[in-house]
Structure formats: C-alpha cells, structure tokens
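In: When you get a sec, could you give me coordinates for this:
(chains A and B)
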Amino acid sequence: MIGVTEVGIAVTGLGCICAAGPTLPRTIESMMAGRRNLRTGEPDDERAPEAAGDPGDRASTRRLPVFALSASWLPDDYWTGPEVRRSGRLAIIACTEALGDAGFDADLLRERRVGVCLGTTVGSAMNNEQFYRAFREGRCPDMETIRAYLQANPADMVARHFGLVGPRQTVNNACSSGSVAIGEAASWIRAGICDAVLAGGSDFLCRVVCNGFASLRIADSHPCRPFDKDRQGLNLGEGAGMLLLESEASRRDRAAGPARVRARLCGYGNACDAYHISAPRPDGAGLRSAIQQALAQAGAQPADVAFVNAHGTGTVENDKVESLVIPEALPDTPFLSTKGYTGHTLGAAGGIEAAVSIAFLELGSIPASAGFVRPDPEARGAPVKERTEVRRPYALSDSVAFGGNNVALVFRREDM
Amino acid sequence: MTERLAIDGVGIVGGFGAGPEALRAAMADPQGPNASLAVGTPKGQIDYPVYQADPTTLRDWVGKGELRRAGRLSRLAALAACLALDAADAPVPARTGRYGVVVATAYGALAGTFRFLDTILDGETLASPTLFSNSVHSAAASDVTILLEITGPSLTVCQFEMSYVSALLSAARWLGEGRVDSVLVCAVDELNGLLGYCRHCFFGTAGMGPIRPEALHVDSAVAGEGAACLLLRPERTGQGRFGWIDRCEWAAGTPVLPPAGALVLGADGHRCCGRWYRPLIDQWGSFTSFAPLYGAVPSGQGFDVAIAAMAMSEGRLSGPVECLKAGPEGQWGRVRLAR
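Out: Here you go, the predicted structure:
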C-alpha cells in the first residue's frame, strides 16, 4: 500500500478564475456572500448561442443556463482568437495568479525544473462544428482550425507561455481531470522529477459539450441544486484553478526567504467504479476507495477533516452516491458543493475546488452549499445550508467522473 | 526512476494484425499498409494507403453484450490490454484495486467525437448519449476498467507525440509509491476520414508512402492506428519476462546516450520531427524504426517500446535498447529497456 506522506507537498501559490470571480480572493468573497452569477443566455447575450445552444439551429436544443465568465474579465482577443485555445488561455490566467501568489518570478521559472500537469476535457477535443460541417459537406475547409488545435494543448500552451522545460501532462480523465492532475503532480515532486509543478484544471464552455449533457438529460434548466431533494441536474460552467506545488528545497531557496505554505497536499486517492460509462456505481465503492486512499496517505482520521468539498454536480445519480458515501466515510464532517457558485466546469472543477478548498481551510469557514434547500430523504446526510466555521486541520475535495473515475485530494493547514 | 519496472506482458494490435504471432510475421516479412482510406479533396477522391487495425478478436476475451456500448478506440485499447495479460499468463483481473490503467492517446476518440457531431448536425431529436459518452477522451481507459473489472486508478494522457512518455512517468510513480501492484499502460490512436483529410492537406501525396524513416528531411508518413499495451510491475515483484524499463524521462534537449545495444527512433516519416533525430544519428551511426510495421501513429512510442521489448526478449534485438521519440518542439521522450 502507498505509504503515509510525512510532510505533504507544499502548495505555495493559488490561482482561480470562474463565474464566481476573476481571481481566487474575489471568488471566495463572492461565495462567502452567497452570490450565484448564473447567466441565463438571453437572446441579446452574444455568448448565449455558443454557450447554451442555438435554438434556431436545432429545434430540440434547449436553452440552458450556464455559469459563464464575465467578458470584462478577459482580454478582447480571448473572444476573437481560436475557441480551442481558450482552455489553455484560462489556465495561463490562473497560473499567472498562482505564480504571483507564490512569489515565483521569471528568473525562478528559467532556473528551476518546473513541470505542468493540467486537467481538461474540452481543451483536448477536436470538435470544431464549423470545420466538421464544412468537411461533411465536401467544402474542403482549410487547415487553420486544425493548426490552432495542434497549438492548443493546454499543458503545452502553459509551458510555452512561461518558458518551462519540465515534463508536461494534459490529463483527460473527464470531470476528475483537475484533481488527478494535482495528485499526479505531487508524485513528480516526491520523485524528484521537478522542483515545482503548475497543476490544476481548465475548461471553457463549448456548445458541443452542452449538447452532450442535454442528450444525457442531466442538465437543469434552472439554477442547479446540488444535494437538494428536487435537484434536476447540472449547469455547465467554465474557468481554471491552478496550484503551484513545490519541493521543500525549492520553497526554501528563495532570495526573500522561504515561500509561504498555503497548505500541504497530503493525500491523493484514485479509484474506478468498473461499472458504467456514464453512471456512477450505486454503492459508491469507487468513491469510498478513493477517499480511504487519500486519508490513509495523509495519515488523517475522519475526525481530523474540517470539511468535504464534494463533487456535487446536482445530478440525481451523482449526488445520491456522494450523499451516501461522504456521511458514511466522514460521519461528523460538514460537506458542501461549490458548483452552485461556479457551475460544473468539467476538467477545471478539480483545480478550482482544490484552490477554493485551501482558501476555506485558511479562513476556517465554508460558505453555504448554494442551491441546497430541502434535504433528500434518501440521503444519509445533507450539505451545509449556511456559512459554517470549520476548525480542523484537513480538507478533502473529491471528484466523480464520467466513466467511473473517482478521485480524492486531502490538504492540510500548515499551522495545525 | 528509483527502481526498474518489469515488463511482464506485451499486447499489440495494428495494421499487421493482433498479437505476437502477427507481429513476428510482420517483422520477418513487412507487408506495409493493409487498407486504404478514401479522402475527398478539391481534385476528387484520393485513396490513401493506411495501416488499419482490427479489434474483432477482442471477443475471444469479452462477451459481445459487454462490448455493445464500447467505441472503436476502447476496443483497440481493451484488445491490447487483454493480449498483454495473456502474454503474462495473468488472469483477467476481476474487481481488483491493485491494477491501474494508464492510456496515452494523441487525439482521443476521434471517430466517436465526429459520430456525435453527426447527430448534432443531422438535427436529430436529441443527440445520442451513447455517442457522447464514447466521444470523451477517457472513454478508452474507462471501458478497459469496465470490461476488465479493474477498480484501481486510471489516467488518460493527451500530449500528442509526447503522450506515451508522460503516461509512462505516471505509471512508474504509481508502482514506485505502491499505489498499485500492476499497471496496464496502453498507447492507442485511431484513424478516421477527417484525419485522413487533414493529412492530405498537410502532406499531400507524400502520404502515399512508403514510410522512409531514414529520409529525415522528407515527409513520407503513412497513417496508422492501433494499440500497444505493457503490463508493468515493480522490480521487487515482477518477472521481467519481456525485459525491464530502467529509465524513463522527459527531456527538454537532445539526450546524450550511453552505449546501448540498439537505438529505436520514433522516426515515422514526419519531417517536422525528423530533423530532431539528426544529431542522435550522427552520434550513433545507425538506428531502427518500427514505424514501417505499424504506420505513423502519434502515440507510436508505445508501439516502439512494446515491439522492442518483444524483440529483445526473443533475442532479435540486443539490449539495452534506447527508444526515443521527439516532439515537434524538440522535446524528447526517452525509454530505455534492458534484459
């Protein structure tokens, strides 16, 4: 079995952009205030057709609400450039914040072995509708779209932008991608492969994926209600959440003194359901295993965990499994879903939720689980309905993905 | 890497067929491309030669009903995984968390993605949920875990040409940290019509082949598809019946290699990557390329490692073997095999 991580990997920088805010501090402020920046995709919203499906294009397409980024947070060329590059660009925004937060400057980026481990779903997909439509109709489209795709691998984009020479890995584990990327990055540091790794997840809103979730009939036409008795499904979102993980040697070797540790990544669990390509295993065995692995590696007891940031998408089946497993595995630990503030950001979710979990751990407080009103009588537990003080050393963030991949990350406060 | 990895099983499916006998036959008498792909161009249809893989023998291991929802990419990966387990005399794992699955793919489930797009563009009442599921990049890894009942960790890496070395680094860490006892590491990519069209636009009739690995300055790549899987175990428990991986690294500059028995380069007829191989060839004088056996596959380093491991175990290649793949930006994936 994997051994207990004695110290944990230092997280020295955090960055986040999502519908709740363009930076991590503003995201936390917005969540703590209970704001839900859901966009309903009104007809005069120029982003609505792309984000939510164009009702004029297919009679069956429903206009679904999404947690889209505010255009004012992004440079103009974000919207005019190739869409496929957006995952990488969002990751760069979050990485820039994380590096600034860590005081990791350009000189250090050049001097040290810095890797990139980045989760995404849409960011690796060759699914440009216009290009494919032209191809199907025999109009022989030019290769501009494909050239853009070949330059759009998110980990490559981040590495090129910052001039990094360490290993790169774009993780495509569907909705657990961001969490997996963080867990894998930590092992690179432990193995001495890198001095530091930019790790997390990034994804943008994509019409094709909106259609996919509509086809599965798991998208809510109202603001999502994770863990609520009347939940109807998810709302998609977009953004990026990135962590800078550093070895102890790298963290301590700074001109201005050792870098601050915002938290330590102590545990990572990864387990599969081996059950169904698009439905979670009803008994939650895979999720339970991932949580147990992460707690064991961290050397943490359930009673040490301040809170669980659940995957909590708002779909009937996902929330059923999590509200069975989490209260059983961590009986006295409050839990919440932040997707009522961010939407389901797919490959970015694990990165965003890791970043906000660390910020909650520092604050000693978690916000209300947005959208939750009425307890589900079939659930063993319910998320927090209001802002809640949490004063234990560990936080656990879990992800439950399409295809049955379950992941848990355990972070520890440095001062407890 | 802190400890060697035992290669206990090798499974491979490509244009030459599926399994060790087909591969041995291809190595003894290379046949080249085995199919053609019709590509619509402004000047009319062109039939390009391709190396096309056939996953139908997967039914020897997995029931037809269980395969009903699995896409083609998943079937290729699952077949290679079953062949690797078979080569290791390992039973198909049932509900074990001590196996992990790592999939390296450059483009993911291309065919599934475009079939899903077809349902959207055709204006069907509701796009197909099964096709959407099969379009997700991790579908192959998920299906391998479902079909083989593996409840350990899974990981899908998409890093174009560098997918395999990046994936192998993670597999090595899982074994090194004791996260699992065995890992199935699978490289898989598939062909489809749109990819053929793109290749036509980029390379024109150079894609007619034959692949000329030694002609680094010209495009001669012929597209291929398939899957190559290793069953890896840690040094302390593995048998190494197909040899050992004693080095795996992502390098930013041209590696300086110690003496070895053979140099296997991922030179597959792509000029953009071929130029990076020149300094190594100058250093070594000669090299081997297996691309003419299986075609140009972006995750091809996985095929090279699998073929080299098998050839080395049968005495047809002297060890140690350095397998190198260059990315278009000059990064290197290096895997060294030892007997």
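In: where are the low-confidence patches of the stretch 51-200 of chain A?
Out: A:51-62 (pLDDT under 70).
In: same deal with the stretch 101-250 of chain B?
Out: Scanning the stretch 101-250 of chain B for pLDDT under 70 picks out B:124-126.
In: Now it against chain A: closest residue?
Out: With CB to the nearest CB, the shortest gap between the stretch 101-250 of chain B and chain A falls at B:Ser142, namely 2.7 Å. The way it works is simple: take the backbone N, C-alpha and C, and place the C-beta from them, glycine included.
In: Let me see the ranges of the strands in chain A.
Out: All strands of chain A, identified by DSSP state E, fall at A:9-18, A:66-67, A:114-119, A:168-171, A:196-203, A:236-237, A:239-246, A:263-272, A:305-310, A:335-337, A:365-366, A:388-389, A:394-401, A:405-412.
In: Identify the residues contacting the closest residue to A:Val7 other than its chain neighbours.
Out: Nearest non-adjacent residue to A:Val7, counting by CB to CB, 6 or more residues apart in numbering or on different chains: A:Arg264, 6.7 Å away. Residues near A:Arg264 by CB atoms under 8 Å, 6 or more residues apart in numbering or on different chains: A:7-11, A:411-412, A:414.
In: which one is B:Gly266 nearest to, not counting chain neighbours?
Out: The spatial neighbour of B:Gly266 that comes closest, neighbours along the chain excluded (CB to CB, 6+ apart), is B:Lys325 at 3.6 Å.
In: Which one of the contacts of A:Arg264 is nearest to chain B?
Out: Nearest to chain B among the contacts of A:Arg264 is A:Ile9, at 12.6 Å by CB to the nearest CB.
In: check contacts around the closest one.
Out: A:186, A:189-190, A:245-247, A:264-266.
In: Next: A:Ile358.
Out: Shown in contact with A:Ile358 (CB under 8 Å, 6+ apart): A:11, A:14, A:243, A:262-263, A:395, A:411.
In: Mind doing that once more with 7 Å?
Out: A:Ile358 sits next to A:11, A:14, A:262-263, A:411 when contact means CB atoms under 7 Å, 6 or more residues apart in numbering or on different chains.
In: Distance to A:Arg217 added to these, as JSON lines?
Out: Output for those, formatted as JSON lines (distance: CB to CB, whole Å):
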{"residue": "A:Val11", "distance to A:Arg217": "38"}
{"residue": "A:Leu14", "distance to A:Arg217": "36"}
{"residue": "A:Arg262", "distance to A:Arg217": "40"}
{"residue": "A:Ala263", "distance to A:Arg217": "38"}
{"residue": "A:Phe411", "distance to A:Arg217": "35"}
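In: And the furthest pair within those residues?
Out: Farthest-apart pair in these is A:Leu14 and A:Phe411; separation 10.8 Å (CB to CB).
In: hang on, the earlier thing: tell me which of the strands of chain A sits most buried.
Out: Burial of these is given as mean neighbour count (mean count of other CB atoms under 10 Å in any protein chain shown); strand A:196-203 ranks first at a mean of 36.
In: That strand vs strand A:263-272, what angle?
Out: Here strand A:196-203 runs at an angle of 60 degrees relative to strand A:263-272 (axes from the mean of the first three to the mean of the last three CA atoms, to 10 degrees).
In: hmm, back to that, with distance to B:Asp268 added, can I get the strands of chain A in TSV?
Out: As requested, the strands of chain A are arranged in TSV below (distance: least, CB to CB, whole Å):
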stretch	distance to B:Asp268
strand A:9-18	37
strand A:66-67	41
strand A:114-119	26
strand A:168-171	21
strand A:196-203	30
strand A:236-237	38
strand A:239-246	34
strand A:263-272	32
strand A:305-310	44
strand A:335-337	46
strand A:365-366	52
strand A:388-389	57
strand A:394-401	32
strand A:405-412	31
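In: The ones you listed: which one's closest to B:Val92?
Out: strand A:263-272 (15.1 Å).
In: What pairs with that closest one, parallel or antiparallel?
Out: strand A:9-18 (antiparallel), strand A:405-412 (antiparallel) (DSSP bridges).
In: Just send the contacts of A:Ile358 back as TSV, with pLDDT and distance to B:Val218 too.
Out: Formatted as TSV, the contacts of A:Ile358 follow (pLDDT from 0 to 100; distance: CB to CB, whole Å):
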residue	pLDDT	distance to B:Val218
A:Val11	98	48
A:Leu14	98	48
A:Arg262	98	52
A:Ala263	98	53
A:Phe411	98	52
